[in-house]
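Participant: One predicted model, sequence on top.
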Amino acid sequence: RSVICIFFLVNNLIIIVKNQKYHLSDRECEILQLAGDGNNTKTISETLFISEHTVNTHRKNILRKMEAKNITEGFRKAVSHGLI
């Protein structure tokens, strides 16, 4: 159990360090990771217990913060900066 907690803590610290470039919120990072894993809007909303509209709002904010013109460019930037 403590190993899982330590992994979770380390994993969160890595996300924080990687995220400094774009200043994404924790929720935006979660959505980016879930989308990067191939989940659609409905699945993400069910996983995080939020509405599909909220998922789409977070996605728009992610693209704006990453200065990406579209989702493809957003994913390319996320991969190149190690966010997903």
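Facilitator: In hand now; what should we look at?
Participant: CA only for contacts and neighbour counts going forward, please
Facilitator: Noted.
Participant: shaky segments in the chain?
Facilitator: Within the chain, the stretches falling below the threshold (pLDDT under 70) are 1-20.
Participant: try 80
Facilitator: Scanning the chain for pLDDT under 80 picks out the ranges 1-22, 71-72, 75, 78-79, 81-84.
Participant: which residues of it fall in helices?
Facilitator: Counting by DSSP state H, residue ranges of the helices within the chain are 2-19, 26-36, 41-48, 52-65, 71-80.
Participant: and the third one, what does it pack onto?
Facilitator: Translated: helix 41-48. Judged by 3 or more CA pairs under 8 Å, 6 or more residues apart in numbering; DSSP states H and E, the packing partners of helix 41-48 are helix 26-36, helix 52-65.
Participant: about what we covered before: export the helices of the chain as CSV, with columns for mean neighbour count.
Facilitator: Supplementary listing: those in CSV, determined by neighbours: other CA atoms under 10 Å:
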stretch, mean neighbour count
helix 2-19, 12
helix 26-36, 18
helix 41-48, 15
helix 52-65, 16
helix 71-80, 15
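Participant: re the thing from before, I'd like the helices and strands packed on helix 41-48 as a markdown table, with distance to Thr72 appended.
Facilitator: Conversion of the helices and strands packed on helix 41-48 to a markdown table gives the following (distance: least, CA to CA, whole Å):
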| stretch | distance to Thr72 |
| --- | --- |
| helix 26-36 | 11 |
| helix 52-65 | 10 |
